[in-house]
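*Asks:* dropping a prediction and its sequence here:
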Amino acid sequence: MIQRPIYLNELKKWINTPQVKIITGIRRSGKSTVLKLLQEHLLQKGILSSQIIYLNFESFTTEHLKNSQSLYHFLMEKMIPNQPYYLLLDEIQEVAQWEKVINSLMVDATVDIYVTGSNSHLLSSELATYLTGRYVEIPIYTLSFNEFLAFKETHSTQAQDKNNVFIEYLRKGGFPVVHAYHYDEETMQKVVKDIYASVLLRDTILRYKIRDIELLERVIRFAFDNIGNTFSGKNIADYFKSQQRKIDVNTVYNYLNALEGAFIFYRVSRFDIKGKEILKTQEKFFVADLSLVYATMGYRDRMIAGMLENVVFLELKRRGYIVYIGKLDTKEIDFIAEKNGTKIYIQVAYKLESLATIDREFQPLLAINDQYPKYVVTMDDFWKENVEGVQHFHIQDFLQYNGF
């Protein structure tokens, strides 16, 4: 079992607090493992096993509990009145009206509740109505580069070449199951394709009742092919029109919303630095794990800049930042990331191979008139100069950097 100390430590902060802990993320990102690690921690703290109730709603053994009344009565029968219990409920979205069960349990029993789910719409307006101010979301992402390195150090006896290790991470992605076994590349691709098929079917097509699956997959391929580029639903509709395939713009947005709900994509809005407002057009979409792109479309070296942006975006999200794309007049800043009242600015490029490229990456940051940290992140091995306070990092060093 791959250890996920960052997420376990975050959960530890919330033990025995009145909030429902809602752990979200794409399927196979490690939510169940984190829940199991929490169970082990509780046992080590001296909590009796009889006080910890773990249910996985993807198991056939819980099939009879997938409606609200059955689950509520089952749990109440398992608990002795006035004794504290820890409820660990895995893939809770499989239970119809589960939020009613959680709300009732918080009233009728002494419980500390942790649930996982593979759909971002767990935190829908309906849930917010039942649990206003009484839940906290803890997002789980696939393995970070640091987690990947820690796993490699634990399970590999061979010395690792720095550049080769990062390329391996870039190519294999971060699904824990991919790194838990010594798969060859063909088998690894099959594993990721199976994850993708499961997410697409169960968390997108069935949940949102999508009928035109072929059109949905075309939208996905368009978004995969444009990672790192801004686009809108109208851009997609216009593209299909040029291919003699009509699609309504509203349908495109419905599909994109469904794909966001299943955590296949993350939508990132643009922020006008001068106007200090969020713009409503030309967003970017980043994928939950690069392996999904490679497994469905193959390796595409021409996409390397967008892939590196995706890696940096996910690292910012793991570290708790709210992320925007920056607009400064006609210039674009790849990322503005905000957390706890501070912000950082980041440009991502493959390599700074010419003066024009250096100017393109550094000048937008130099034009920002504030004192927040500014970074240019690339894969350059030799050129590592800082320019007027803008720091230049190799992407591996940036991903391991604790200064932001």
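*Replies:* Right, received. Where do you want to start?
*Asks:* give me the low-pLDDT residue ranges for the stretch 51-200 of the chain?
*Replies:* The stretch 51-200 of the chain contains residues with pLDDT under 70 at 123-128, 155-163.
*Asks:* now do the helices in it.
*Replies:* Under the criterion DSSP state H, counting those that start in this stretch, the stretch 51-200 of the chain carries helices at the ranges 68-78, 98-108, 125-130, 145-155, 162-172, 176-180, 185-198.
*Asks:* okay, the ones you listed in JSON lines with distance to residue 332 next?
*Replies:* Heads up, the C-betas are built off the backbone N, CA and C, glycines and all. Output for the helices of the stretch 51-200 of the chain, formatted as JSON lines (distance: least, C-beta to C-beta, whole Å):
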{"stretch": "helix 68-78", "distance to residue 332": "47"}
{"stretch": "helix 98-108", "distance to residue 332": "40"}
{"stretch": "helix 125-130", "distance to residue 332": "33"}
{"stretch": "helix 145-155", "distance to residue 332": "25"}
{"stretch": "helix 162-172", "distance to residue 332": "23"}
{"stretch": "helix 176-180", "distance to residue 332": "33"}
{"stretch": "helix 185-198", "distance to residue 332": "30"}
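*Asks:* to residue 387, which of these lies closest?
*Replies:* Taking C-beta to C-beta, helix 162-172 is the member of these nearest to residue 387, at 23.9 Å.
*Asks:* for that closest one, what is the distance to the chain centroid?
*Replies:* 20 Å (C-alpha atoms, centre = their mean, to the nearest Å).
*Asks:* just the CA atoms of stretch 284-294, as PDB, please.
*Replies:* Output in PDB follows, covering the C-alpha atoms of stretch 284-294 (Å, rounded to 0.1, in the frame of the first residue of the first chain):
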ATOM      1  CA  LYS A 284      -8.100  26.200 -20.000                       C
ATOM      2  CA  PHE A 285      -8.800  22.600 -19.200                       C
ATOM      3  CA  PHE A 286      -6.200  20.400 -17.500                       C
ATOM      4  CA  VAL A 287      -6.400  16.600 -17.200                       C
ATOM      5  CA  ALA A 288      -6.400  14.800 -13.900                       C
ATOM      6  CA  ASP A 289      -3.500  12.700 -14.900                       C
ATOM      7  CA  LEU A 290      -1.300  12.800 -18.000                       C
ATOM      8  CA  SER A 291      -1.500   9.000 -18.400                       C
ATOM      9  CA  LEU A 292      -5.100   9.400 -19.500                       C
ATOM     10  CA  VAL A 293      -4.000  11.400 -22.500                       C
ATOM     11  CA  TYR A 294      -1.200   9.000 -23.500                       C
END
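*Asks:* now that stretch: average pLDDT?
*Replies:* Mean pLDDT, computed over stretch 284-294, is 96.
*Asks:* just how off-centre is that stretch within its chain?
*Replies:* Centroid separation for stretch 284-294 versus its chain: 10 Å, with C-alpha atoms, centre = their mean.
*Asks:* how close does residue 326 get to residue 166?
*Replies:* With distances taken as C-beta to C-beta, to the nearest Å, residue 326 is found 26 Å from residue 166.
*Asks:* residue 284 is nearest to which of the helices of the stretch 51-200 of the chain?
*Replies:* helix 162-172 (18.9 Å).
*Asks:* mind giving me the packing neighbours of the closest one?
*Replies:* helix 145-155, helix 290-297, helix 395-399 (3 or more C-beta pairs under 8 Å, 6 or more residues apart in numbering; DSSP states H and E).
*Asks:* ok and it relative to helix 145-155, angle-wise?
*Replies:* 110 degrees (axes from the mean of the first three to the mean of the last three C-alpha atoms, to 10 degrees).
*Asks:* and the contacts of helix 162-172?
*Replies:* Helix 162-172 is contacted by residues 145, 148-149, 152, 178-179, 188, 290-291, 294, 299, 307, 311, 381, 395-396 when judged by C-beta atoms under 8 Å, 6 or more residues apart in numbering.
*Asks:* show the buried residues in these.
*Replies:* Taking 16 or more other C-beta atoms under 10 Å as the criterion, what is buried in the contacts of helix 162-172 is 145, 148-149, 178-179, 188, 290-291, 294, 307, 311, 395-396.
*Asks:* and those as TSV, adding distance to residue 95?
*Replies:* Shown next, in TSV, are those (distance: C-beta to C-beta, whole Å):
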residue	distance to residue 95
145	35
148	33
149	37
178	29
179	31
188	33
290	32
291	30
294	34
307	37
311	35
395	41
396	42
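*Asks:* nearest to residue 375 among the contacts of helix 162-172?
*Replies:* Of the contacts of helix 162-172, the one sitting nearest to residue 375 (C-beta to C-beta) turns out to be residue 395, at 10.5 Å.
*Asks:* list the contacts for the closest one?
*Replies:* Residue 395 touches 166, 308, 311, 312, 348, 377, 378, 379, counting by C-beta under 8 Å, 6+ apart.
*Asks:* sitting in strands, which of those residues do you find?
*Replies:* 348, 377, 378 (DSSP state E).
*Asks:* was I right to think the first one contacts residue 335?
*Replies:* In other words, residue 348. Yes. Look at residue 348 against residue 335 with C-beta atoms under 8 Å: they come within range, at 7.5 Å.
*Asks:* what's the overlap in contacts for the two?
*Replies:* 309, 312.
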